[in-house]
Structure formats: structure tokens, C-alpha cells
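Trainee: Predicted model follows, preceded by the sequence.
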Amino acid sequence: MADKTPTPHNSAVCGQFAKTVLMPGDPLRAKMIAERFLDDARLVNNVRGIGGYTGKYKGVPVSVMASGMGMPSIGIYSYELYNFYGVENIIRVGSAGAIQKDLRLYDVVIALGACTDSNFASQYALPGTFAPTASFELLSEAVNASKASGTRYHVGNVVSSDRFYGDAGNTLDWTKMGVLAVEMEAAALYMTAARSGKRALAICTVSDSIVTGEVTSSKERQESFDDMIKIALSVALAAEKL
């Protein structure tokens, strides 16, 4: 395939992203991860302020790049990374709102599957409903890393919503189906990975609870998700061998 880089949304050239990319929503969180956790991190993209960095973690090349908010945004960036930059693994590291009462602030949710109220899958013209799921290999490594670190974690479904402010007010209806938390990107990432023949995993930290009304600040979400990031980096190390 001909080199199609740079793209309209990414100023990097092919070869400047590592095999595995950590993908937070917030560009400031991407910058923080690069500065705090990667050695020799360098900025390779900053189109629209969506920072992309490549460095090394324990000697292994790892990239981190923001996705922005919502499924259309992560759909664009993940598609280009998978199909134009040779990226094999994308690990979403984001925030989620708990919709089960046993989830606490700062617990880690590892998304086995992603329900959605989005019409994102309609582009594939499938004769039914597609079930977006994580890479088993990446998920298994995330569970192992969570156990090893003693982090409180939960594995199960999330719901990826197109809406943050919704008139219906029915998000908690997903609770009866055992869905753990609500976020806005995982389903599109999992679908894009499936269509591209690549691997994806969403790991989220509980930033608020729709059940209890507890919340964290934007600064806390930006700076206090270390457990999730360390788990994701452990997965990135293991993914180098896949």
C-alpha cells in the first residue's frame, strides 16, 4: 500500500508511531503520560492540538496520542493509526461514569465489550447487530497487570454513548443488563480495530458515579489515573511480543 502519510489529521510520517499507542481523550493527559512515563518522548503530531508522542517505556517503543471526545473523533484517529501508520494495538486510557453501585471512584474498568446507542456500525452494512469486543490477548494482559499491582478492577461491558447531555435520562437502564459504566469512545475503537484486523482495548478509570453522584475534577482526571496508565503500559510491553 502506498504511503498515505501525513494525513489531514496527523502530521507524522509512517514510522514515527510505535506498534502500540495509548489513547486518552484529553490532549493534556497525553502530554502528561509522555512526560511522566516515557523516556526520550518526542512530539510527532500536533494537528488541531491533538498531541501525539513517541518514546520508550522500559526500552520498548510506545506512543501516546489523544483521541478527542466521542466516537467520530476516535474513529478518525484510530483508523488512520491502524491503516496508515502501521499501528497494531491501541489501548484507550480514559474516564468512565459508574452505573453499578459497587464501583468506586478510581476503580479501573477493563472493557470486555462495548454496548452503544450510536449508529457507528451502520457504515459496515451488516445484516444484523455487531457486538464490539476487546482483543482477548490485550485484555488478558490487563487483568494480569491489575492483579499484580493490587488495583481494584472490574471486567465487563461498558456502554459507549453519543451523548453526554441527553434529554431521555435513561442511562441507568443499562444497569439491568450488568453494564458497568458509561463512556464515549470504546465501541468505535473496537469496531475500527475489527474492520482493520488489529487489536484494541479500553481501560477506564471511574471518574464519577451516576448512582451515588460522586465526581472528580477535570484536574484530578488529568493527573490522578496512574494505576490505569501503569496497567496500560504493562499491556504495551506484552503486546510487543504479539
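Mentor: That came through fine.
Trainee: CA atoms for contacts and neighbours, from now on please.
Mentor: Will do.
Trainee: ok, which stretches of the chain are strands?
Mentor: In the chain, the segments counted as strands under DSSP state E are 20-23, 39-45, 52-57, 60-65, 89-98, 108-116, 153-160, 181-183, 199-209.
Trainee: Now tabulate these in TSV and tack on mean neighbour count and mean pLDDT.
Mentor: Formatted as TSV, the strands of the chain follow (neighbours: other Cα atoms under 10 Å; pLDDT from 0 to 100):
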stretch	mean neighbour count	mean pLDDT
strand 20-23	28	98
strand 39-45	17	97
strand 52-57	23	98
strand 60-65	26	98
strand 89-98	27	97
strand 108-116	24	98
strand 153-160	22	98
strand 181-183	28	98
strand 199-209	27	97
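Trainee: Point to the helix or strand of this structure where mean pLDDT is at its lowest.
Mentor: Lowest on mean pLDDT, DSSP states H and E among the helices and strands of the chain sits helix 218-223, with a mean of 70.
Trainee: is it true that residue 90 touches residue 201?
Mentor: Yes - using Cα atoms under 8 Å, residue 90 makes contact with residue 201 at a distance of 6.6 Å.
Trainee: Other residues contacting stretch 214-227?
Mentor: Residues from elsewhere that reach stretch 214-227, judged by Cα atoms under 8 Å, 6 or more residues apart in numbering: 26, 28-29, 32, 95, 105-106, 108, 151, 205, 207-209.
Trainee: between those, which is nearest residue 157?
Mentor: The closest of the contacts of stretch 214-227 to residue 157 turns out to be residue 108 (Cα to Cα; 12.7 Å).
Trainee: hey, what's the closest one bridged with?
Mentor: Here residue 108 sits in beta bridges with residue 153, residue 205, as judged by DSSP bridges.
Trainee: And the most centrally placed residue in the chain, how far from residue 165?
Mentor: Per Cα atoms, centre = their mean, the C-alpha nearest to the average position across the chain is that of residue 92, at 1.3 Å. Distance, residue 92 to residue 165, by Cα to Cα, to the nearest Å: 22 Å.
Trainee: next one: residue 112
Mentor: Remark: distance between residue 112 and residue 165 (Cα to Cα) = 25 Å.
Trainee: what does residue 190 give?
Mentor: Residue 190 sits 23 Å away from residue 165, going by Cα to Cα.
Trainee: Tabulate the strands of the chain (a markdown table), appending distance to residue 9.
Mentor: Output for the strands of the chain, formatted as a markdown table (distance: least, Cα to Cα, whole Å):
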| stretch | distance to residue 9 |
| --- | --- |
| strand 20-23 | 15 |
| strand 39-45 | 9 |
| strand 52-57 | 11 |
| strand 60-65 | 12 |
| strand 89-98 | 17 |
| strand 108-116 | 25 |
| strand 153-160 | 23 |
| strand 181-183 | 23 |
| strand 199-209 | 20 |
